[in-house]
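Colleague: please find the sequence and the predicted model below.
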Amino acid sequence: MTLVRHEGGAVDVAPGETVLEALLRAGVNAPHSCRAGNCQSCLHRAIDGAPPPQSQSGLTDAQKAMGYFLPCICRPTTPLTISRPDDLGASLEAIVRAIDPLSEDIIRLRIEADGFAYRPGQFVELSVGEDLKRHYSLASHPEEDSLLEMHIRLHQDGRMSRHLAEILKTGDSVRVAGPSGSCFYEGVAKDQPMLLIGAGTGLAPLYGVLRDALSKGHRGPIRLYHGARSGNGLYLSEELQALSNSRDNLAYRPCAFDPTAPHGGDVAATALEAEQSVSDAAIFLCGGENLVKRLKRELFMRGASLKNIRSDAFSPAR
Amino acid sequence: MSSLYERLGGEGAVNAAVELFYRKVLADGRIAHFFDNVDMESQIAKQKAFLTMAFGGPNNYTGADMRNAHKRLVDKGLNDSHVDAVIENLNYTLRDLGVPDTEVKEVAALANSVRDDVLNR
């Protein structure tokens, strides 16, 4: 039995041996702790081959769909190619097809990346130069759009922002790696209530998830909250308003900071006040780290199960 | 006589208890601050590993694992009163789930057995 590691070397897994035991025996410094399939310290991802279902015990539906498994309880019967959980893998060349403004400081970048498979709501690593890389969520839908679409906030002194605003143009070549992230529709039941809360360009993955849910015939109520620092930041609001008017099961609630609005227009406070019963909902949270952390904890304390909360926290570039 | 883990209901019982237990811990002002900057997903997996151990289920924990996992917290002031609070929350969780007193006491004793390792002494 052979196990091929993503970093290169092949490791043999002896009959009855676990992947973790094989990695450690081969001298690989693989993190681990309980060795009983509980603590998830050893989490890895199979990028080729199917890990046995028992080795995915306790993982979320999204993780299972992406091939995550626990090496300490994995006794493979077929070859696997595995990678560390945060490894995005090799990058692919892509061509810039459009750059247009969505608001004062948010642009939409659309690139053509042939053969790039993803689920709406996942994120990619975009590289525009040797050492200029950032993670961006995808707002596009692989079956409905031919291009990958990203919503990017331009920061005044950001290197990537300046590059996007001043240098990059249609026809240029960039590279894209991934996808990663578990913010996608898979694992949601068609009648389950969906609660989508995002701020700023956190709308991008939610927009992808929303379109995926609708195209897959989601029947349960869907409530989308989008927060912005000003009314101008509520991009795509006309499209979303029109979409919600045409669908019985979709409610769209834009929230812009405004001292005279309820809760000052804070999207988290607004959503938490309106959403008292969350224990059955499939929840998607996307935005800055503080917002995501606060909402995740609050919604969990109110009875939402962590396995029903998918989140993507944006961290500033280092 | 079946094992404590079997009497409690095995992995299903751990799954039923883990989120309830974690909510109680996060709502407990005596210990909640130790969890302020942790990733909730990886933390709940650790809680599950802890409950499996306390329920007498399959685990391969060593004293050294317990020491390493808590060393940073001991440096931040983790002491007996916090371990007491965790075990108290565990007791309330099991009572909420209708676990009989005898088993609750057995679980508390198992949880208590790692106290010195957790506190690095």
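Modeller: Perfect, thanks for sending it.
Colleague: what helices or strands is the helix or strand hosting A:Asp100 leaning on?
Modeller: According to DSSP states H and E, A:Asp100 maps onto strand A:91-101. The elements that strand A:91-101 packs onto, with contact taken as 3 or more CB pairs under 8 Å, 6 or more residues apart in numbering or on different chains; DSSP states H and E, are strand A:106-112, strand A:173-180. Yep, even glycine has a C-beta here, placed from its N, CA and C like the rest.
Colleague: quick one: strands adjacent to it?
Modeller: Under the criterion DSSP bridges, strand A:91-101 sits next to strand A:106-112 (antiparallel), strand A:173-180 (antiparallel) in its sheet.
Colleague: what's the least confident stretch among the ones you listed?
Modeller: When the strands paired with strand A:91-101 are compared on average pLDDT, strand A:173-180 comes out lowest at a mean of 92.
Colleague: dump that one to CSV, restricted to CA.
Modeller: C-alpha atoms of strand A:173-180 as CSV (Å, rounded to 0.1, in the frame of the first residue of the first chain):
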residue,chain,number,x,y,z
SER,A,173,-1.6,37.2,-17.0
VAL,A,174,-2.0,36.3,-13.3
ARG,A,175,-1.8,33.1,-11.3
VAL,A,176,-4.5,31.5,-9.1
ALA,A,177,-4.1,28.7,-6.5
GLY,A,178,-6.7,26.8,-4.5
PRO,A,179,-9.6,26.7,-4.0
SER,A,180,-9.9,26.5,-0.3
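Colleague: get me the contact residues on chain B for chain A.
Modeller: Counting by CB under 8 Å from any CB of the partner chain, chain B comes close to chain A at B:11, B:19, B:22-23, B:26-27, B:40-42, B:44-46, B:48-49, B:52, B:57-61, B:65, B:69.
Colleague: how about 6 Å then?
Modeller: Within chain B, the positions near chain A by CB under 6 Å from any CB of the partner chain are B:23, B:40, B:44-46, B:48-49, B:52, B:58-60, B:65.
Colleague: next one, pLDDT for the closest residue to A:Ser33 other than its chain neighbours please.
Modeller: Leaving aside its chain neighbours, A:Ser33 sits nearest to A:Ser41 (4.1 Å; criterion: CB to CB, 6 or more residues apart in numbering or on different chains). At A:Ser41, the model reports a pLDDT of 86.
Colleague: wait, A:Ser41 sits on A:Ala30?
Modeller: No - using CB atoms under 6 Å, A:Ser41 is not in contact with A:Ala30; the gap is 9.4 Å.
Colleague: and A:Tyr136, that one's in a helix?
Modeller: No - looking at A:Tyr136 with DSSP: H, G, I helix; E, B strand; the rest coil, it is strand, so not inside a helix.
Colleague: that one and B:Ala108, how far apart?
Modeller: Using CB to CB, to the nearest Å, A:Tyr136 is found at 49 Å from B:Ala108.
Colleague: of the two, who's got more company?
Modeller: Between A:Tyr136 and B:Ala108, counting by other CB atoms under 10 Å in any protein chain shown, A:Tyr136 is the more crowded of the two (22 against 16).
Colleague: how many neighbours does the nearest residue to B:Lys76 once chain neighbours are set aside have?
Modeller: Using CB to CB, 6+ apart and skipping the chain neighbours, the partner closest in space to B:Lys76 is B:Phe34 (7.3 Å). B:Phe34 has 17 neighbours, counted by other CB under 10 Å.
Colleague: now B:Phe34: how far from B:Lys46?
Modeller: 12 Å.
Colleague: for A:Glu93, same thing?
Modeller: The separation that A:Glu93 has from B:Lys46, given CB to CB, amounts to 41 Å.
Colleague: of the two, who's got more company?
Modeller: Neighbour count, other CB under 10 Å: between A:Glu93 and B:Lys46, B:Lys46 has more, with 18 against 12.
Colleague: wasn't that one part of a helix?
Modeller: Yes - membership of B:Lys46 in a helix is supported by three-state DSSP.
Colleague: that one contacts A:Asn38, correct?
Modeller: No - using CB under 6 Å, B:Lys46 is not in contact with A:Asn38, being 8.2 Å away.
Colleague: find the least confident helix or strand in the chain, judged by mean pLDDT.
Modeller: Looking at chain A here, since you left the chain open. In chain A, no helix or strand scores lower on mean pLDDT, DSSP states H and E than strand A:2-5, which sits at a mean of 67.
Colleague: wrong one, chain B
Modeller: Going by mean pLDDT, DSSP H and E, chain B bottoms out at helix B:63-75, a mean of 88.
Colleague: alpha carbons only: can I get whatever helix or strand comes next after it in PDB?
Modeller: For helix B:63-75, the following helix or strand on the C-terminal side (DSSP H and E) is helix B:80-96. Provided in PDB are the C-alpha atoms of helix B:80-96 (Å, rounded to 0.1, in the frame of the first residue of the first chain):
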ATOM      1  CA  ASP B  80      -7.400  24.600  41.000                       C
ATOM      2  CA  SER B  81     -10.400  26.900  41.100                       C
ATOM      3  CA  HIS B  82     -10.600  26.800  37.300                       C
ATOM      4  CA  VAL B  83     -10.400  23.100  37.200                       C
ATOM      5  CA  ASP B  84     -13.200  23.000  39.800                       C
ATOM      6  CA  ALA B  85     -15.300  25.200  37.600                       C
ATOM      7  CA  VAL B  86     -14.800  23.000  34.500                       C
ATOM      8  CA  ILE B  87     -15.800  19.900  36.400                       C
ATOM      9  CA  GLU B  88     -18.800  21.700  37.800                       C
ATOM     10  CA  ASN B  89     -19.900  22.600  34.300                       C
ATOM     11  CA  LEU B  90     -19.400  19.000  33.300                       C
ATOM     12  CA  ASN B  91     -21.600  17.800  36.100                       C
ATOM     13  CA  TYR B  92     -24.400  20.300  35.100                       C
ATOM     14  CA  THR B  93     -24.100  19.200  31.500                       C
ATOM     15  CA  LEU B  94     -24.600  15.500  32.400                       C
ATOM     16  CA  ARG B  95     -27.500  16.300  34.800                       C
ATOM     17  CA  ASP B  96     -29.200  18.300  32.000                       C
END
